[in-house]
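> My questions concern the predicted model and sequence given below.
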Amino acid sequence: MWNKENLKRWCQLNWWLITIFIVILITIICTLTDTNDKLDEWAESLTKLLTPTSIVLGLILGYPLLKKKLAESYIAKQFDIMDNANRAVRTKCIELQDKYVPANRSNHITLEYIAEAQADFLELRQIAIDAAPDVYKYANLIYQSLKNLSDIYLRYNKESNFDYKEKLSTWLNEQIHEIYDYSKSVGCIPTGMTKSKKRLNKRLGEFVSGNSFIEVGDIDHSIDYFHNAAMLVIFYGKNNQIFNYNNINYFLACYKSAPSPSPFARLMYNSSIYFPPILRGKEKIILHYPELFLIGYSRRLSSSSKGEERYYICTYANMSNVSFVIGTIHNLDSLIEYEDGYLDIPFSIENLSGFNKTGEVIQFRISVEEAEKRYNDGIGYRLQSRLKDEMR
């Protein structure tokens with residue numbers, strides 16, 4: 001379908017064909033027309049103008065092609081840089097995998113061990129700056145989690161009896177595998193098209209200088225983590241798989257790196273289970289409604305004389321700067337005053353058990369059967385609808 005834009009693009013790509021056609025047309029006209037003095041004079045003048053006109057026309061129509069070639073050359077160089085950086089990341093990952101190996105717990109975590117791991121992943125993050133965008137993002141997630149973990153221990157000036165360095169080493173080894181896999185990808189394939197963009201809006205644009213810039217399309221250099229990103233689903237899925245219910249500090253450190261309830265919602269949707277990613281109070285405390293965010297959950301299996309029991313231990317934390325858990329939540333009955341803040345529906349404490357509170361963190365137990373029942377009793381459709389809305 002030909003339109004104005006298609007015609008303009010065709011002319012830009014085929015300027016040389018148009019020029020040749022014009023020259024041939026003029027030649028035919030000169031040949032078939034009576035060659036009187038005026039025509040000879042006109043043809044001579046036209047011939048003199050034809051060469052510079054063709055040059056100018058060629059420059060005008062050929063500029064977009066030149067710009068495209070420059071962009072393609074730039075992209076090719078960037079891909080070479082990215083490929084070299086990806087290779088360097090893989091080399092560092094192999095080195096770190098040999099250092100941080102899966103092991104059974106035996107030694108309590110120390111600040112020195114965390115600092116050493118933090119330094120290693122800071123180096124990996126620096127190497128990943130020019131690598132595929134997802135490589136840097138994932139390496140930064142791990143580094144920020146280690147930094148948060150160090151801050152948690154420094155803040156409380158003590159180390160948890162439940163946190164072992166072997167557990168952290170096992171988690172790091174698994175996450176290194178993910179970074180290595182991301183480094184085997186080039187990310188997206190750019191179209192080669194460039195876009196002119198403005199840093200400030202049109203109203204301010206005429207009163208500032210250096211406001212415009214050229215950007216190559218389809219290349220992601222951002223460091224943002226979108227709530228619906230597959231990377232976060234993988235990251236939190238690994239945490240749930242490796243950490244135990246008593247690794248509260250590990251769950252908390254990881255959640256602070258990219259705080260979002262959405263990855264947990266996607267993990268639960270995939271498993272056809274449900275418990276709220278957010279618990280929101282019905283009454284305000286000071287100026288805001290209190291909220292507890294799901295920061296991790298672990299699946300457990302226990303055996304007794306009554307048989308085997310499969311259940312999840314869900315860990316929720318107050319992520320605000322205002323403390324309220326210690327003074328207002330004492331047991332499961334206290335959660336009657338809370339609702340599901342993710343789907344905006346009522347929350348029931350029925351069939352929940354095993355309440356525990358540690359500072360501004362609470363935990364409770366929900367059986368696998370109950371979690372599946374809640375999903376199948378209509379919540380699954382609501383959850384799917386919410387996930388679709390987040391993709392818009």
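That came through, no problem. These numbers were taken from a predicted model, which means no experiment stands behind them.
> Enumerate residues external to stretch 272-283 that contact any of its residues.
Under the contact criterion C-beta atoms under 8 Å, 6 or more residues apart in numbering, stretch 272-283 has outside partners 261-262, 264-265, 268, 289-294, 297, 312, 314, 316, 335, 337-343, 347, 366, 368, 371-372, 374-376, 379-380, 383. C-beta: built from backbone N, CA, C; applies to glycine.
> scratch that, stretch 146-154
Taking C-beta under 8 Å, 6+ apart as the rule, stretch 146-154 contacts 111, 114-115, 117-118, 121, 159-160, 168, 249-250, 252-254, 256-257.
> ok, residue 346 to residue 334 distance?
For residue 346, the distance to residue 334 (C-beta to C-beta, to the nearest Å) stands at 16 Å.
> which one of the two has more residues nearby?
A side-by-side neighbour count of residue 346 and residue 334, using other C-beta atoms under 10 Å, places residue 334 first with 16 against 9.
> Quick check, the more buried one in contact with residue 328.
Yes - between residue 334 and residue 328 there is a contact under C-beta atoms under 8 Å: 6.7 Å.
> Look at stretch 244-252 and report the distance between its end residues.
One end of stretch 244-252 sits 12 Å from the other (C-alpha to C-alpha, to the nearest Å).
> Now that stretch: average pLDDT?
Throughout stretch 244-252, pLDDT has a mean value of 93.
> Look at the closest residue to residue 235 other than its chain neighbours and report its pLDDT.
Spatial nearest neighbour of residue 235, chain neighbours left out: residue 141 (5.7 Å); criterion: C-beta to C-beta, 6 or more residues apart in numbering. We have a pLDDT of 95 for residue 141.
> is it true that residue 141 touches residue 260?
No - Residue 141 is beyond contact range of residue 260, at 11.9 Å (criterion: C-beta under 8 Å).
> Who has more neighbours out of the two?
Set residue 141 next to residue 260 and count neighbours by other C-beta under 10 Å: residue 141 wins out with 23 against 18.
> Name every sheet partner of the biggest strand by length in the chain and say whether each one runs parallel or antiparallel.
Longest strand of the chain, by residue count under DSSP state E: strand 291-304. Taking DSSP bridges as the criterion, strand 291-304 forms sheet pairs with strand 278-281 (antiparallel), strand 307-317 (antiparallel).
> contacting residues around residue 243?
Contacts of residue 243 (C-beta under 8 Å, 6+ apart): 167, 171, 250-251, 296, 298.
> could you redo the last one with a cut-off of 10 Å?
163, 167-168, 170-171, 249-251, 254, 296-298, 315 (C-beta atoms under 10 Å, 6 or more residues apart in numbering).
> now do residue 88
Applying C-beta under 10 Å, 6+ apart, the residues near residue 88 are 124, 127-128, 130-131, 183.
> what's the answer for residue 352, then?
Residues in contact with residue 352, defined by C-beta under 10 Å, 6+ apart, are 275, 314, 332, 335, 364-367, 370.
> give me that answer again for 8 Å
Counting by C-beta under 8 Å, 6+ apart, residue 352 has contacts 332, 335, 364-366, 370.
> just residue 235 next, same as before
Residue 235 touches 138, 141, 175, 178, 254, 258, 263, counting by C-beta under 8 Å, 6+ apart.
> Then residue 322?
Residue 322 sits next to 285-286, 288 when contact means C-beta under 8 Å, 6+ apart.
> neighbour-wise, which of those residues leads?
The most crowded member of these, judged by other C-beta under 10 Å, is residue 285 (14 neighbours).
> What count of nearby residues applies to the closest residue in space to that residue that isn't next to it in sequence?
Excluding its sequence neighbours, the residue lying closest to residue 285 (C-beta to C-beta, 6+ apart) is residue 324, at 5.2 Å. Residues lying near residue 324 (other C-beta under 10 Å) number 17.
> who's in contact with the host helix or strand of residue 385?
Using DSSP states H and E, residue 385 sits within helix 380-390. Helix 380-390 is contacted by residues 227-228, 262, 265-266, 268-269, 272, 274, 342-343, 345, 375 when judged by C-beta under 8 Å, 6+ apart.
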